[in-house]
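Trainee: Model the following, please.
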Amino acid sequence: MKKQFKVILAIVLLATAALACGLPAIPGLNGPLLDDNFDGVDQNWGTGTDADSSVEYADGGLRFQLSETLFYVWSSPNDEDYSNVHIEVNVKNNSSDPNAAFGIICNQGVPDTNLYYFAVTSSGEYVIAKGAVAVDDVFLTNDDQWAASDLIAKNAPAYRIGADCGNGTLTLYVDGQQIDSVQDSSYSSGNVALFAWSHEVESGTDVTFDDFVITRLPSP
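Mentor: Predicted structure coming up:
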């Protein structure tokens, strides 16, 4: 059975801004197109706080706290369209809900529900999915279901999440290991973003992103 939070019940659109700086290139790939260590010098990601959620620079990172259940919040660094990229980010997990999800968005277009996302939970589950306007998200992995992976450590204090997004291939990495890969060419370019997604525990989602980097994928 699919988790209830497959259907996004609410989206908080946070303002975007310009480029930031801070990380070295990932070995084996081209130099960074964008990097950010969230040190507070260049605060370019969308931020905001209300009764349901908070996205703010805190503790040397970009912290997402969700008080509402079944709620989805994302933040992006700019309005740049990227194509054929590899994205990586560290995620510090302080969530009390093991089913709270967090991850990476790529190829986000117009409307902003047109996108791919790579989601991970601290219970060791994951999904690579496609969103589209006015329809339910499609999980491209595991016959349209969430699935567990032995390669994702359970209840770890932090994770390094990576995503290949380009050349018709979507690949998820966690802590340097490939978790899954699928083929889809619906969206070829778009914005990038980070997100958090609450499940059924009130105020149970609390993650902090750090050391974000985008690099160009090699040509096929």
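Trainee: got any ranges where this protein has weak pLDDT?
Mentor: For the chain, residues meeting the criterion pLDDT under 70 lie at 1-30.
Trainee: and with 90 instead?
Mentor: For the chain, the stretches with pLDDT under 90 are 1-31, 39-43, 59, 133-135, 167, 219-220.
Trainee: tell me, what residue is most central in it?
Mentor: Among the residues of the chain, the one closest to the centroid is residue 104, at 1.8 Å (Cα atoms, centre = their mean).
Trainee: quick one: contacts for that residue?
Mentor: 87, 89, 117-118, 161, 163, 192-195 (Cβ atoms under 8 Å, 6 or more residues apart in numbering). The C-beta positions use only the backbone N, C-alpha and C, and glycine is treated the same way.
Trainee: That one should be in a strand, yeah?
Mentor: Yes: remark: residue 104 belongs to a strand, assigned using DSSP: H, G, I helix; E, B strand; the rest coil.
Trainee: ok, now how distant is it from residue 88?
Mentor: Counting by Cβ to Cβ, to the nearest Å, the separation of residue 104 from residue 88 is 8 Å.
Trainee: what's the overlap in contacts for those two?
Mentor: 161, 163.
Trainee: so residue 45 touches residue 64, yeah?
Mentor: No: using Cβ atoms under 8 Å, residue 45 is not in contact with residue 64; the gap is 10.7 Å.
Trainee: With neighbour numbers in mind, choose between these two.
Mentor: The residue with more neighbours, out of residue 45 and residue 64, is residue 64; 27 against 24, by other Cβ atoms under 10 Å.
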